[in-house]
Structure formats: C-alpha cells, structure tokens
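Chemist: My questions concern the predicted model and sequence given below.
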2 protein chains.
Amino acid sequence: MAEKTTYPMRVEPQHVDFTLHETLVSLGGNILNVAGVDAQGKGFGIDVLGRENLSWVLSRLAMEFDYRPEQYTDYGITTWISDYNRLMSTRNFTLTDSSGVVFGRAVSQWCMLDLATRSAVDMSTTAELHSQWIVDAPSPAERPRKVAAPSGELLAAEHRVVYSDIDFNRHVNTMRYIELMIDMLPIELLAEEHRVRMDVNFLHESRYGQTLAVTCAETGGEWRFEIRSDDGTVCLRAAMRFE
Amino acid sequence: MAEKTTYPMRVEPQHVDFTLHETLVSLGGNILNVAGVDAQGKGFGIDVLGRENLSWVLSRLAMEFDYRPEQYTDYGITTWISDYNRLMSTRNFTLTDSSGVVFGRAVSQWCMLDLATRSAVDMSTTAELHSQWIVDAPSPAERPRKVAAPSGELLAAEHRVVYSDIDFNRHVNTMRYIELMIDMLPIELLAEEHRVRMDVNFLHESRYGQTLAVTCAETGGEWRFEIRSDDGTVCLRAAMRFE
C-alpha cells in the first residue's frame, strides 16, 4: 500500500509580503511544485508522460490556510493521490507546522492531456502509471467547487501577457493568475491575518501576447473572479473567502 | 583573513522560462538573496542593523552571465566584500558550474541608510560591523556603470504598483523592477542564448499605489531603461547588453 510523502519547506525572505508572512502565491507555488516533484519521483511526472506526448493539466484547485506562516518558519507539505476516474486524478495536500499541527489543506484535480490533439485522455488506459501510488485516505478538505462568474458591481483590470508570465508551454503560469487576482483585493485584506479558502477552476489556457480582462466582485464576504482572454474565452474562474 | 563563502543553488522548474533555462530574474534574485543570507550569517544583516534603525540599501548592481543554466543544474554562488568607503560597501559574486567554471559575475554597491532620516550614513562610524569580513580579492567584473537616460525612439509602458510588487518595506522589490524591464524586450532576445551584461542604478524607491512609467530604447545593441514614478522622480536607470 502506498503512503503519503512529506516534503520540507522553509519560509525564506523572498517568500513573504510586507507583513512578513508567506504570500498565498508562494504557498500555492510550493503546493504545485510538490505535485510536480512527487509525480516525477514516483515515475508519472511530465517527463515520463512527455515521451508519449501526454501531459498533466491542472483542472481545479482548492486551498485552505488557517494562517500564513512567518518568515524563517519550517513546515512540511504532505501529498498523496486518493483516487482517479476516467477524467480526473485527485491529488491532496496537508501543510503541517513543526509541532505537527495541520494549518493548510489543498485538493487538486488533474486531467491528462494529449498534446497532439489538445484533448483529455481517458485515464482508464494510462492510469497504470500511477495506480500503485493511490493512498486510501480521503481528501483533507472539501473538493474544489465549481465557481460561477462574478456578478453585481464589477471591478476590472487588464493585463497583457508578457515573457515573465509564461511557463515552459508558453501559457500563463498558474500562480501568476492567482497573483493577478490577489492584486485586485483591498490591501487591508492581506495586511491582516485571515483564514482563507480559495477555489480555482482552470477552463482555458492563455498565451503570450494576449490581453487578459480580469473582473471581480464581492458578495457576502466571498470574492469571485473571472479572467477572459482577447476573444472573450473564459480562462479561469475563482472564489476566495477570508474569515 | 576572511574568505569567500559559497552557497549551493539548483535550478528548479519554477525558476526557468519557456527555453528551460533559468530566468535572469531568478539568477538576480538568487544573487541578492545570497547577499542577505551572507550578511545575516556574519552578523551585519538587516536584522542587526535594524536594532540601530539602520538598513542596507542597494545602490548599484552589475551582473554578467555567459549563459543561463538549464533546469535541474546545480551551481554555486560565491560572495565576498572587497572594500568599502564612507558611502558604499562593495559585495562581489561569482557563479560557478559543477565543474568549477565561472559562468556569472556580479558586483553590488550598498549604502547604509538611517531609517529615521532616510539619509545615507557615513560608514566610517559603523563599518566595524563588517570590517573583519573584507576579502582581499578584486571584483570579478567591471563595477556597475552610471547609466544615462534612454534616448531616441522610446518604447513606453505603465505599471501600477500592486501588492505582489512590494517588499517588507512596502517599496517595489528590486527583482520586480528588473522583470518589468525584461518584459519590454523583444521575446526573441530571451528565446536565444546570449551573453548578458546588466547595469542597474537604483535612484529612488517607489511605493504601493504609485504608477510607474517605464521607457526603453535600443542603440547599438544596448537597451537602456528608465523607470519614473507619478511625480516624475526617476526611480531607476538600467542598461542591458545581449551578445
């Protein structure tokens, strides 16, 4: 039976904001980096998939943080895959402080993409790649919710996709999307400590040179976001709740 | 006699661009992080200075890279302070590959700032903090040049300073300035491998909520940049040469 795997982390000065707590973007970036390292170490990373012209694509992500750790804090990110079906593989995460208390939880859902046809692959044929690594432990938080478009009075911003935004595929980097959204929030929300829950639905990639329209609206303490590219395609929807 | 100190680095997937080489921003970020860690470890970091309401402020930076290392490469950053005078302390860096070949060089010049008066401190009174750490070895590259404003046909961009741009002082982060400039370059310059020399003059801080005007122009293979804040204050000038 496979077991969960834990990766050590440390909050370095370049990971904190002006409150000296780790940014949500750094926390989320660490979670996604752990996903990549864990998959690679267990033989089903994008390096192995790439040989068959396949890749993992993040479809939905939910993250919860009880607090953001301070500069120079050590913590661990534990990860495991709990299950998969024809369409999605579910990878889970817990963040644990040095005394063993869990202060963060995340659930990510991944599709397998055929890079030639740009369409999702039925994982029942390829799942043997990671079936031995499934851990019989439930997700540590509610799975990522489907997010509706923001409604009501919208705040809007534009962003032209530049060199620094793009990843090895020339698509906008996941954490850059989250940064664009967080930068629209009132800075007071980030200056104070809150419990945070974030649900992100990745719907379509965006590319170098496109101009993104970011909109957001707050209702009842929930901030909802939508990012569209030039031609109106919805690239992403997300919801953030600060408590 | 003090000696140079070397810090191990590794090019992780989150540090590379679409060419799978480490970005200039990641290389520069590592250099500045090493400066902070080395100063702190030797007892003259911003933690110790802060107790006297002083801080280090980066005044000028020159960086040269013969190439940008590929993903998963291990390398080392070696650093030492070669000299100081009343106004400036000079910290040097070499980047060395795993076979011992130097592929990068940097020279940084730092002032000591009185945080109460926001003016530079005469280091002859405070230099005992780091005088025992001076290494009798010259800078590995030409020291940072004074950069003139760009002239001729200017490219221009605007950037509003947001939450993700600012450091613990609520000033725009050094590497974010460099990212803003690099994002104005033709992407072809970054898609190909070049030797790079960059000179940056940090003239004035900029703050959350300001709108920055970034201009650049190319003459004879040299790209010159200027960043001004709302009120016309020049925050930064820089030159980049790709060969």
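Modeler: Alright, I've got the coordinates. Residues are numbered from 1 along each chain as shown, chains lettered A, B, ... in the order given.

Chemist: switch to C-alpha atoms for all contacts and neighbour counts from now on
Modeler: Will do.

Chemist: in the helix or strand bottoming out on mean pLDDT in chain A, what counts as buried?
Modeler: Here the helix or strand of chain A ranked lowest by mean pLDDT, DSSP states H and E is helix A:128-131, holding a mean of 78. Burial within helix A:128-131, assessed by neighbour count using 16 or more other C-alpha atoms under 10 Å in any protein chain shown, is assigned to residue A:130.

Chemist: How far away from the center of its chain is it?
Modeler: In terms of C-alpha atoms, centre = their mean, to the nearest Å, the centre of helix A:128-131 is found 22 Å from the chain centre.

Chemist: One more: stretch A:182-195?
Modeler: Using C-alpha atoms, centre = their mean, the offset of stretch A:182-195 from its chain centre is 18 Å.

Chemist: If you drop the residues flanking it in sequence, what lies closest to the one residue sitting closest to the centre of chain A?
Modeler: Centrality entry for chain A: nearest residue to the mean C-alpha point is residue A:61, 4.8 Å, by C-alpha atoms, centre = their mean. Spatial nearest neighbour of residue A:61, excluding adjacent residues (C-alpha to C-alpha, 6 or more residues apart in numbering or on different chains): residue A:108 at 4.4 Å.

Chemist: The one you found against residue A:142, yeah?
Modeler: No. Here residue A:108 lies out of contact with residue A:142, judged by C-alpha atoms under 8 Å, at a distance of 10.7 Å.

Chemist: what about the helices in chain A?
Modeler: Secondary structure of chain A by DSSP state H: the helices cover A:24-41, A:46-50, A:128-131, A:174-182, A:187-191.

Chemist: Distance to residue B:221 for those helices - can I get that in TSV?
Modeler: Output for the helices of chain A, formatted as TSV (distance: least, C-alpha to C-alpha, whole Å):
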stretch	distance to residue B:221
helix A:24-41	36
helix A:46-50	37
helix A:128-131	49
helix A:174-182	31
helix A:187-191	41
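
Chemist: which residues does the residue nearest to residue A:150 when sequence neighbours are not counted contact?
Modeler: Leaving aside its chain neighbours, residue A:150 sits nearest to residue A:224 (5.0 Å; criterion: C-alpha to C-alpha, 6+ apart). Taking C-alpha atoms under 8 Å, 6 or more residues apart in numbering or on different chains, we find residue A:224 in contact with A:147, A:148, A:149, A:150, A:216, A:217, A:218, A:237, A:238, A:239, A:240.

Chemist: Tell me the buried residues within those.
Modeler: A:147, A:149, A:150, A:216, A:217, A:218, A:237, A:238, A:239, A:240.

Chemist: Of those, which belong to strands?
Modeler: Judged by DSSP state E, strands contain the following of the buried ones among the contacts of residue A:224: A:216, A:217, A:218, A:237, A:238, A:239, A:240.

Chemist: could you redo those residues as TSV and give each row distance to chain B?
Modeler: As requested, those are exported to TSV (distance: C-alpha to the nearest C-alpha, whole Å):
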residue	distance to chain B
A:216	16
A:217	18
A:218	18
A:237	20
A:238	18
A:239	19
A:240	16
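
Chemist: So for residue A:108 and residue A:142, which residues contact both of them?
Modeler: Common neighbours of residue A:108 and residue A:142 (C-alpha under 8 Å, 6+ apart) are residue A:62.

Chemist: okay, the two: which has more neighbours?
Modeler: Between residue A:108 and residue A:142, counted using other C-alpha atoms under 10 Å in any protein chain shown, residue A:108 has the larger neighbour count: 25 against 14.

Chemist: Who is the nearest residue to residue A:145 once chain neighbours are set aside paired with across the strands?
Modeler: Excluding the flanking residues, the one nearest residue A:145 by C-alpha to C-alpha, 6+ apart is residue A:199, at 6.1 Å. Listed beta-bridge partners, residue A:199: residue A:62, residue A:239 (assigned using DSSP bridges).

Chemist: Next: residue A:5.
Modeler: In beta-bridge terms (that is, DSSP bridges), residue A:5 pairs with residue A:79.

Chemist: dump the residue contacts of it.
Modeler: A:38, A:78, A:79, A:80.

Chemist: repeat that for 10 Å
Modeler: Applying C-alpha atoms under 10 Å, 6 or more residues apart in numbering or on different chains, one finds that residue A:5 lies in contact with A:34, A:38, A:76, A:77, A:78, A:79, A:80, A:93.

Chemist: can you list the domain ranges for chain A.
Modeler: Domain segmentation of chain A under automatic domain parsing yields A:5-131, A:155-242.

Chemist: Count the neighbours of the residue lying closest to residue A:157 once chain neighbours are set aside for me.
Modeler: Excluding the flanking residues, the one nearest residue A:157 by C-alpha to C-alpha, 6+ apart is residue A:214, at 5.1 Å. Other residues lying near residue A:214 total 23 when counted by other C-alpha under 10 Å.
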